[in-house]
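A.B. asks: Fold the following, please.
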Amino acid sequence: MSVPFQRISTATVQDIIIYDPAAERRAASLAVNWDTYFNIGSQEILYNMEWGWWPKYVENTWGAWYFTTNTAGQVISAFNPSLLVKTDQTLIRLDVFKAVEQFYCSLVTDVSNVNEVDKTNWQFSKQRYDDEWEKALQLSNFYDLYDDDFISKLEENYQADVNYFNGDRRYF
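C.D. replies: Just a heads-up that it's a prediction; the model follows:
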């Protein structure tokens, strides 16, 4: 990865309580520190963004480039996680669902602790994350390409699937 690790959003345990209170109750019973799961989840999301979302964003967004050069003159990815709008609700939800998925994954892989409820919750959390990721791909309104604290229509993925929101076409 050409960019250093950082969190993709400002999500907290309070957001987990909002989106998946059962996961927080289960984690509280095990005295879990959510920061670990947020960090692991953010790192995976950054990988997905840099090598999955970013090329698609570049193809559909005026002014975005695949690569840039660093101070040493090496060619690196032009994706810059510092330009993510960390307070964006889509990123917060992605962060929460990935952290919950990582939490349940750790329970399911612990052979002394496997139960059907945790396994079902893990699969459900994966599905929630995948659905949110699909929405993020469609919106692409969480990246401030020009670093001007304003997301213009040129910065959004203007060729997104117009039927994503139940056929409600978005005209620009």
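A.B. asks: what's the longest helix in the chain?
C.D. replies: With secondary structure taken from DSSP state H, the chain has its longest helix at helix 116-139.
A.B. asks: which non-adjacent residue is nearest residue 37?
C.D. replies: In space, and not counting its chain neighbours, residue 37 is closest to residue 99: 4.1 Å by CB to CB, 6 or more residues apart in numbering. The way it works is simple: take the backbone N, C-alpha and C, and place the C-beta from them, glycine included.
A.B. asks: Can you dump the C-alpha atoms of whichever strand or helix holds the one you found in CSV for me?
C.D. replies: Using DSSP states H and E, the element containing residue 99 is helix 89-108. What follows is helix 89-108, C-alpha atoms only, in CSV (Å, rounded to 0.1, in the frame of the first residue of the first chain):
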residue,chain,number,x,y,z
GLN,A,89,-22.2,8.7,6.9
THR,A,90,-21.3,6.1,4.2
LEU,A,91,-17.7,5.9,5.5
ILE,A,92,-18.9,5.7,9.1
ARG,A,93,-21.3,2.8,8.2
LEU,A,94,-18.5,1.0,6.2
ASP,A,95,-16.2,1.4,9.2
VAL,A,96,-18.8,0.1,11.7
PHE,A,97,-19.9,-2.9,9.5
LYS,A,98,-16.3,-3.9,8.8
ALA,A,99,-15.3,-3.7,12.5
VAL,A,100,-18.3,-5.8,13.5
GLU,A,101,-17.5,-8.3,10.7
GLN,A,102,-13.9,-8.5,12.1
PHE,A,103,-15.2,-9.0,15.6
TYR,A,104,-17.5,-11.9,14.7
CYS,A,105,-14.8,-13.3,12.4
SER,A,106,-12.5,-13.5,15.4
LEU,A,107,-15.2,-15.3,17.4
VAL,A,108,-16.0,-17.8,14.6
